[in-house]
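# I'd like to go over a predicted model; first the sequence, then the structure.
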Amino acid sequence: MILTRFIDRVTLIFGGIGASLVVPLFLIMGFEVFMRFLFNLPTFWAYEFAYMITGSHFVLGIAYVTKMRRHVRIDFLYTHFPLKLQSFIDFVIYFFFLLPVSAWITWRLGIVAIEAFEVGETSGESAWNPVIWPIRMIAAFGFLLFCMQIFAEAMKTFRVVLGLPEGSE
């Protein structure tokens, strides 16, 4: 299906962006350790920057992990079921449980991000005290990607249940 392939591509792009955030996180934490322990000059911004990057890393990666089917799964019975039954179980979980809950979380995160922007909310964690609407927007966007990928996975599993080939439109 064209839509599911498009969602998969978007997920791969933003999953790659999320994964690449490990590099600046490594550099920031290395700089912090270097300054703190060698010069006794801890930074006032590294902690906040690190948790923002880490949060972004995880929230941008959740859709990718879903696409790659790498979430933790208890499957001691599941693996013994026929493919169509596995796909039916996956469809029910994706479409009737994960999608509604994730859509609600996305909607609420979007509202929180907008409110943070409107009031100029700051972190209050350090002397840097940055505005936090950008990280809140990234969280909402990451969950939107997650919702889109859940929908794509639900459609893929539904096609297996119906016995449709992957490539047919």
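Okay, I see it.

# Over to the closest residue to residue 159 other than its chain neighbours. Which of the three states is it?
The shortest distance from residue 159 to any non-neighbouring residue, by C-beta to C-beta, 6 or more residues apart in numbering, is to residue 166 (7.0 Å). Quick note: C-beta positions are derived from backbone N, CA and C, even for glycine. Under DSSP: H, G, I helix; E, B strand; the rest coil, the three-state class of residue 166 is coil.

# okay, and for the chain, where does confidence drop off?
For the chain, residues meeting the criterion pLDDT under 70 lie at 167-169.

# So which residues of it form helices?
With DSSP state H applied, the chain shows helices at 2-20, 22-39, 46-67, 83-92, 99-119, 133-162, listed in chain order.

# Measure how the fifth one sits relative to helix 46-67, angle-wise.
Compare the direction of helix 99-119 with that of helix 46-67 by axes from the mean of the first three to the mean of the last three C-alpha atoms, to 10 degrees and you get 150 degrees.

# what packs against helix 99-119?
When contacts are defined as 3 or more C-beta pairs under 8 Å, 6 or more residues apart in numbering; DSSP states H and E, helix 99-119 sits against helix 133-162.

# Now do the helix it packs on against helix 2-20: the angle between them, please.
Going by the same axes, to 10 degrees, helix 133-162 makes 140 degrees with helix 2-20.

# Now for the closest residue to residue 22 other than its chain neighbours, how many residues are close by?
Setting aside the residues directly before and after it, residue 22 is nearest to residue 57 in space (C-beta to C-beta, 6+ apart), at 6.5 Å. Other residues lying near residue 57 total 18 when counted by other C-beta atoms under 10 Å.

# give me every residue that touches residue 57.
18, 19, 21, 22, 25 (C-beta atoms under 8 Å, 6 or more residues apart in numbering).

# from those residues, which is closest to residue 131?
Comparing those against residue 131 with C-beta to C-beta places residue 21 closest, at 19.3 Å.

# Kind regards, and thank you for your time.
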